[in-house]
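Trainee: Curious how this folds, go ahead:
(chains A, B, C and D)
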Protein chains: 4
Amino acid sequence: MHSEPIRIFVHGGTFDKEYNELNGELFFKDTHVVEMLRLGRCRLEVAVETLLMIDSLLMTDADRQMILQKCAVARERHIVITHGTDSMPETAAVLGKSLKDKTIVLTGAMIPYTFGSSDGIFNLGTALAFVQTLPPGVYVAMNGKYFPWDSVRKNKELGVFEAPTTT
Amino acid sequence: MHSEPIRIFVHGGTFDKEYNELNGELFFKDTHVVEMLRLGRCRLEVAVETLLMIDSLLMTDADRQMILQKCAVARERHIVITHGTDSMPETAAVLGKSLKDKTIVLTGAMIPYTFGSSDGIFNLGTALAFVQTLPPGVYVAMNGKYFPWDSVRKNKELGVFEAPTTT
Amino acid sequence: MHSEPIRIFVHGGTFDKEYNELNGELFFKDTHVVEMLRLGRCRLEVAVETLLMIDSLLMTDADRQMILQKCAVARERHIVITHGTDSMPETAAVLGKSLKDKTIVLTGAMIPYTFGSSDGIFNLGTALAFVQTLPPGVYVAMNGKYFPWDSVRKNKELGVFEAPTTT
Amino acid sequence: MHSEPIRIFVHGGTFDKEYNELNGELFFKDTHVVEMLRLGRCRLEVAVETLLMIDSLLMTDADRQMILQKCAVARERHIVITHGTDSMPETAAVLGKSLKDKTIVLTGAMIPYTFGSSDGIFNLGTALAFVQTLPPGVYVAMNGKYFPWDSVRKNKELGVFEAPTTT
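Mentor: Model (predicted):
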């Protein structure tokens, strides 16, 4: 039984998109992660901190350095990052090259939580479990699977994560 | 990255309760596990098999021996069992005393999936992640945590799972 | 365009049943009618008042006399009553025999609102529309239809409301 | 008790928008009206026909003439139209000036049905009730209210429908 504290860094992404009923566009307001943890009756010792609320396609190198810095200085050795799916492997690579002594799991969603049919709560469950049990390193948790940071890509045609095919 | 097949044995429990609109009672029809895997965009190699559809308070010793037998002969070395919460520790103990070479994770829900606010999909996510990463043994996955079979009880006043307090 | 105030009397029923995750039983806590009105972006002038929170099978003659009295003295001429479906026609009959100068519409649900797939919000929509447009009298609004109080029964085999067949 | 058949013409709008998980955009696939009627346990004699699946901001004069023509030739005297909210009053005006002998009710939603928190099912309930009870004419049903076609505007700041203020 794992009993160490876990930090969750929130970076927006589809996870947290909402529908603006005045103009019909999707936007970010607040994260739903705390509500999702409550819904899942989660009793882990978890601290949730919002770093960014953006679409991951808009994430810059400076944003990734900031995330890296936050992970490096966090006192927890187990970190979950909610992140847009489009550039999740890129962020994982930035973290993976530098951070060797913490278990860091990035996860996200294909469907916004507020749509009621989200994969987000399932993915959050897998990420929280993987972060307790995997050895130090940086991983992506999507589609029920985990991928080391140097062996994952998003297949944008299928909307799924997979290991790159080797040749 | 785990790539072995996983078996899910379904035993009913709150997970799969439905509302009978003709008499206002809760009942079992079919399992929702396959739909929940689809919702979670799960891409693991998973075989779902329904063994029982009952309230776990009604589970007998014979039922538990049947489950034990099914786990023993399953060709998969990674097994998730969806189970009512009330007697989940008892079933885990029956399995844990006999099965040493497979990773088996029991999980369940406090709220039926059909209620829309279920903890079931979160728990299913954690169970599928734990079953890929924990060493052989029998575990309960609830509240975001995992518990070895010989160190778990349901606190029925709070509706949460916890390690027994030692004296 | 109707612009008179509407009163909603809440009497529990399936509409407002919740799932008790500690014992697996259905129970009543607070009404969901206000939340449903908000969800429906309702902008009518509506006052919501909870009279009872019970299963309509347990409703007594005294309860019905109380409801009749509340309707009689309400200053609004347009009243919606949320009510369990099992004895809705009986309550409608008690009201219908006495109240001639107000438009009163009873409605309910076959599935609790908290199950996420409720017919309750649809029925509440129909009831609020009927109460604005029907002439004075007492009606049941279920299944998208309205029925005068003296021409409605619940078909308990099918779980639908219908006019009694005449012979 | 109304017993005449009702026709529902579907014109897309927010009602029927879905989330495309591959590109994060909203799009139209099929209408959800039939599913919503089933969810509402609607037992009215209703025929659903999809005319268009577009955002109402893109609706042209030719589209409105087509709708007018379809309403004129429909054999039903009671017609509900699901329509995007942005130009609903414009379409209502085109219909209202020409059609005098049928009861036609336009309705829509501020939030897509697939978001789980939709006002659509509430509005559909009100529209189906109003179409059974209002005298011939063309109306908009939103926010629990009905508005004659020549006395309605969408307040785009508040996202609600209202009667124009007279001076």
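Trainee: Hmm, A:G120 is touching A:T114, no?
Mentor: No - using Cβ atoms under 8 Å as the test, A:G120 is too far from A:T114 to be in contact (9.6 Å). To be clear about C-beta, it is placed using only N, CA and C from the backbone, and glycine gets the same treatment.
Trainee: The two: which has the busier surroundings?
Mentor: Higher neighbour count among A:G120 and A:T114: A:G120, with 29 against 20, using other Cβ atoms under 10 Å in any protein chain shown.
Trainee: Just give the number of residues close to the nearest residue to the more buried one once chain neighbours are set aside.
Mentor: Among residues not flanking A:G120 along the chain, A:A109 sits closest, at 3.5 Å (Cβ to Cβ, 6 or more residues apart in numbering or on different chains). Residues near A:A109, counting by other Cβ under 10 Å, number 28.
Trainee: ok, so what distance separates A:A109 from B:R43?
Mentor: To B:R43, A:A109 is 15 Å away according to Cβ to Cβ, to the nearest Å.
Trainee: Likewise for A:A47?
Mentor: Distance from A:A47 to B:R43, by Cβ to Cβ: 30 Å.
Trainee: quick one: average pLDDT of the helix or strand where A:V131 lies?
Mentor: Assigned by DSSP states H and E, A:V131 belongs to helix A:120-133. Mean per-residue pLDDT for helix A:120-133: 97.
Trainee: Just the CA atoms from it would do, formatted as PDB, please.
Mentor: The C-alpha coordinates for helix A:120-133 follow below in PDB (Å, rounded to 0.1, in the frame of the first residue of the first chain):
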ATOM      1  CA  GLY A 120     -11.000  11.800 -18.400                       C
ATOM      2  CA  ILE A 121     -12.000  10.200 -15.100                       C
ATOM      3  CA  PHE A 122     -10.900   6.800 -16.400                       C
ATOM      4  CA  ASN A 123      -7.500   8.200 -17.400                       C
ATOM      5  CA  LEU A 124      -7.100  10.000 -14.100                       C
ATOM      6  CA  GLY A 125      -7.700   6.700 -12.300                       C
ATOM      7  CA  THR A 126      -5.100   5.000 -14.300                       C
ATOM      8  CA  ALA A 127      -2.600   7.800 -13.900                       C
ATOM      9  CA  LEU A 128      -3.000   7.900 -10.100                       C
ATOM     10  CA  ALA A 129      -2.500   4.100 -10.000                       C
ATOM     11  CA  PHE A 130       0.500   4.100 -12.300                       C
ATOM     12  CA  VAL A 131       2.200   7.000 -10.300                       C
ATOM     13  CA  GLN A 132       2.000   4.900  -7.200                       C
ATOM     14  CA  THR A 133       3.500   1.700  -8.700                       C
END
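Trainee: Just the angle for the lengthiest strand in chain A relative to helix A:120-133, thanks.
Mentor: Longest strand in chain A by number of residues (criterion: DSSP state E): strand A:46-54. Going by axes from the mean of the first three to the mean of the last three Cα atoms, to 10 degrees, strand A:46-54 is angled at 130 degrees with respect to helix A:120-133.
Trainee: Against which helices or strands is strand A:46-54 packed?
Mentor: Judged by 3 or more Cβ pairs under 8 Å, 6 or more residues apart in numbering or on different chains; DSSP states H and E, the packing partners of strand A:46-54 are strand A:6-12, helix A:33-39, helix A:61-73.
Trainee: Distance to C:K29 and mean neighbour count added to these, as JSON lines?
Mentor: Putting these into JSON lines (distance: least, Cβ to Cβ, whole Å; neighbours: other Cβ atoms under 10 Å in any protein chain shown) gives the following:
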{"stretch": "strand A:6-12", "distance to C:K29": "30", "mean neighbour count": "23"}
{"stretch": "helix A:33-39", "distance to C:K29": "17", "mean neighbour count": "17"}
{"stretch": "helix A:61-73", "distance to C:K29": "41", "mean neighbour count": "14"}
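Trainee: mind checking pLDDT for the nearest residue to A:K17 once chain neighbours are set aside?
Mentor: Excluding its sequence neighbours, the residue lying closest to A:K17 (Cβ to Cβ, 6+ apart) is A:P112, at 4.1 Å. As predicted, A:P112 sits at a pLDDT of 87.
Trainee: residue contacts, A:P112?
Mentor: Counting by Cβ atoms under 8 Å, 6 or more residues apart in numbering or on different chains, A:P112 touches A:T14, A:F15, A:D16, A:K17, A:E18, A:Y19, A:L26, A:S118, A:G120, D:Y19.
Trainee: Now do the residue nearest to the first one when sequence neighbours are not counted against C:P89, distance only.
Mentor: Closest residue to A:T14 in three dimensions, ignoring its sequence neighbours and counting by Cβ to Cβ, 6+ apart: A:A109, at 4.9 Å. For A:A109, the distance to C:P89 under the criterion Cβ to Cβ works out to 46 Å.
Trainee: Can you check what pLDDT the model gives A:T165?
Mentor: On pLDDT, A:T165 comes in at 79.
Trainee: what's the helix or strand for it?
Mentor: When elements are assigned from DSSP H and E, A:T165 belongs to no helix and no strand.
Trainee: Not counting its neighbours along the chain, what's nearest whichever residue of chain A sits closest to chain B?
Mentor: The minimum distance from chain A to chain B, using Cβ to the nearest Cβ, falls at A:G125 (2.7 Å). Leaving out its chain neighbours, the residue that sits closest to A:G125 by Cβ to Cβ, 6+ apart is B:G125, at 2.7 Å.
Trainee: got it, and A:G13?
Mentor: Nearest residue to A:G13 in three dimensions, chain neighbours excluded: A:G84, at 3.1 Å (Cβ to Cβ, 6+ apart).
Trainee: List the residues that contact that neighbour.
Mentor: A:H11, A:G12, A:G13, A:T14, A:F15, A:I54, A:D55, A:S56, A:L57, A:M59, A:G108 are the contacts of A:G84 under Cβ under 8 Å, 6+ apart.
Trainee: For A:E157, which non-adjacent residue is spatially closest?
Mentor: Spatial nearest neighbour of A:E157, excluding adjacent residues (Cβ to Cβ, 6+ apart): D:L22 at 7.6 Å.
Trainee: Assess the claim that that neighbour and A:G159 are in contact.
Mentor: Yes - proximity of D:L22 to A:G159 meets the contact threshold set by Cβ under 8 Å, at 4.9 Å.
Trainee: higher neighbour count, those two?
Mentor: A:G159 (17 against 11).
Trainee: That one and A:D86, how far apart?
Mentor: Counting by Cβ to Cβ, the gap from A:G159 to A:D86 is 11 Å.
Trainee: Repeat that for A:G40.
Mentor: 25 Å.
Trainee: More neighbours: which of those two?
Mentor: Neighbours per residue (other Cβ under 10 Å) separate A:G40 from A:D86, with A:G40 holding more: 26 against 19.
Trainee: Nearest residue to that one in space, please, no chain neighbours.
Mentor: Closest residue in space to A:G40, ignoring its immediate chain neighbours: B:F122 at 3.1 Å, by Cβ to Cβ, 6+ apart.
Trainee: Counting neighbours, what do you get for the one you found?
Mentor: 28.
Trainee: just A:N155 next, same as before
Mentor: Neighbours of A:N155 under the rule other Cβ under 10 Å: 10.
Trainee: so what does the helix holding A:V131 touch, helix or strand wise?
Mentor: Other helices and strands packing on helix A:120-133, by 3+ Cβ pairs under 8 Å, 6+ apart, are strand A:6-12, helix A:33-39, strand A:78-82, strand A:103-107, strand A:137-142, helix B:120-133, strand B:145-148.
Trainee: Nearest to B:T31, out of the ones you listed?
Mentor: Smallest distance to B:T31 across these (Cβ to Cβ): 10.7 Å, for helix B:120-133.
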